[in-house]
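S.K.: pasted the sequence and its predicted model underneath.
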Amino acid sequence: MRFVIVATWKGPSRSRILRRFRFDAPGGPDGRRTSSRARLRQKTPDAPPDTPVETPTHLCSFRTGRPPMSLPRRRFLTLGAAGAATCALRPERLLWAAGRAGWEASVALPWATQEVYGTTWNGRIVVAGGLRSGADRDRRFTTLEETALFDPSTEAWTRGPALPSPRHHIVLAEADGTVYGFGGFVGETLRNGFQFRPDVYAFDGGQWARIGTMPTPLGETVALAVEERVHLVTGSLHPDDGASDGASRAHLVYDSGADAWSEARPVPTGRSSATGAVIDGRLYVVGGRRTEGGVTNLGAVERYEPTTDTWTELRPLPQPSGGLAGAALDGTLYVFGGEYFSGDGGVYGRTWAYDPDVDAWTQHAPMPTPRHGLAGAALGGHIYAIGGNPAAGIGAATSSVVERLSPTTD
């Protein structure tokens, strides 16, 4: 289709159209054909009324190695033919760049699960635990102990060894050839289903084994590994099982070689249910939410440099989200999914790509099956979105769906 970008500036009395230019694009933010006269500040269909998409404040960022550029009011910058730029003249306009990526169905999980995390190990994707919800009025659910491994060479999931104890929200990370599982919750209803357990499990191809205890009861955290060290960043604190502080700035470090814990510099923005990835040895933590006085989704993006123990605040995620997933591929961070609770609540289908070279976000093709509480992993040139729930919260819609994002390289 043809996609038209309208660049405007807002003067003291009116808005003026500066330039209109065309480029070929596969579809609009909702994956459907977009009118060439569409107003760019129009929200995409999955945006709740009170969470508008935030627009980047710089104009354009290309993969050229040059810093971001800004334009005077009466000048314009032509986008590259692939639409790989993120542009805006004013925060009032969202300029949606057509992502060079598409989602497709992959092999479904052997069972439905949500509140699940994933990692890669030995050329395979590993997911473990999670929960499967029921449809009864008490909203009971089953906390899972199952492990599933996906082998891209055979395009098949196989059942792995069970966790020592069922867990949902158990976070996984691979370090030095071993998959580690940290924390998680037990229980079977919304009232008692978030009793935290600080166990640390390890899996290296045989059985899972309990190897220790977390020094801090940190749940719903982000686990990212750099060499032998696993960093647990942000999360909710659970000192008394079900009691929770849902916006922690914690930064714990587990040294798998020494089997020892330490603390690193706290993250600037406390939250839980964030996502992240490692790019070039640096940690990126994205999104999340606070739960004090109601649920508030955040768009915070922060980078940690392990060599200097410093954090840097980066350009926010355009659509604040909690319960989302992410993974890094070829130096780009992809995040997707998540949920909101304003109004009747819902889930997000947007896919965002972050380029650390220019500190810019680009919107890509939406997920065919929007979900929250899903796992994300990168393997074999693809990004995988695994399991989750297509409805906000914990309900009867827990999914086994797996979809694969395949960015192009041209």
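M.R.: Thanks, I have it.
S.K.: spit out the contact partners of the nearest residue to residue 221 once chain neighbours are set aside.
M.R.: Sequence neighbours aside, residue 235 is the residue nearest to residue 221 in space, at 3.3 Å (criterion: C-beta to C-beta, 6 or more residues apart in numbering). Every residue, glycine included, has its C-beta placed from N, CA and C. When contacts are counted by C-beta atoms under 8 Å, 6 or more residues apart in numbering, residue 235 touches 218-222, 248, 250, 272.
S.K.: repeat the analysis, applying 10 Å as the threshold.
M.R.: Residues counted as contacts of residue 235 (C-beta atoms under 10 Å, 6 or more residues apart in numbering) are 169, 171, 182-183, 216-223, 244-252, 267, 270-274, 288.
S.K.: now residue 292
M.R.: Counting by C-beta under 10 Å, 6+ apart, residue 292 makes contact with 244-247.
S.K.: got these as CSV, with neighbour count and pLDDT columns?
M.R.: As requested, these are arranged in CSV below (neighbours: other C-beta atoms under 10 Å; pLDDT from 0 to 100):
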residue, neighbour count, pLDDT
244, 21, 70
245, 17, 72
246, 22, 80
247, 20, 93
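S.K.: can you pick out the most distant pair from these?
M.R.: Spatial extent of those (C-beta to C-beta) is set by the pair 244 and 247 at 9.7 Å.
S.K.: which neighbours do these two have in common?
M.R.: In contact with both residue 244 and residue 247: 235-237, 272, 291-292, using C-beta under 10 Å, 6+ apart.
S.K.: going by distance to residue 310, which of those residues wins?
M.R.: Among those, residue 235 lies closest to residue 310 (C-beta to C-beta), at 20.4 Å.
S.K.: how much space separates that closest one from residue 370?
M.R.: Here the distance between residue 235 and residue 370 works out to 24 Å (C-beta to C-beta, to the nearest Å).
S.K.: what subset of the contacts of residue 235 is buried?
M.R.: Among those, the ones that count as buried by 16 or more other C-beta atoms under 10 Å are 169, 171, 182-183, 216-223, 244-248, 250-252, 267, 270-274, 288.
S.K.: so which of these are in strands?
M.R.: 171, 182, 218-219, 222-223, 245-248, 250-252 (DSSP state E).
S.K.: and those residues as JSON lines, adding distance to residue 106?
M.R.: Output for these, formatted as JSON lines (distance: C-beta to C-beta, whole Å):
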{"residue": "171", "distance to residue 106": "22"}
{"residue": "182", "distance to residue 106": "26"}
{"residue": "218", "distance to residue 106": "31"}
{"residue": "219", "distance to residue 106": "28"}
{"residue": "222", "distance to residue 106": "24"}
{"residue": "223", "distance to residue 106": "23"}
{"residue": "245", "distance to residue 106": "37"}
{"residue": "246", "distance to residue 106": "32"}
{"residue": "247", "distance to residue 106": "34"}
{"residue": "248", "distance to residue 106": "33"}
{"residue": "250", "distance to residue 106": "34"}
{"residue": "251", "distance to residue 106": "33"}
{"residue": "252", "distance to residue 106": "33"}
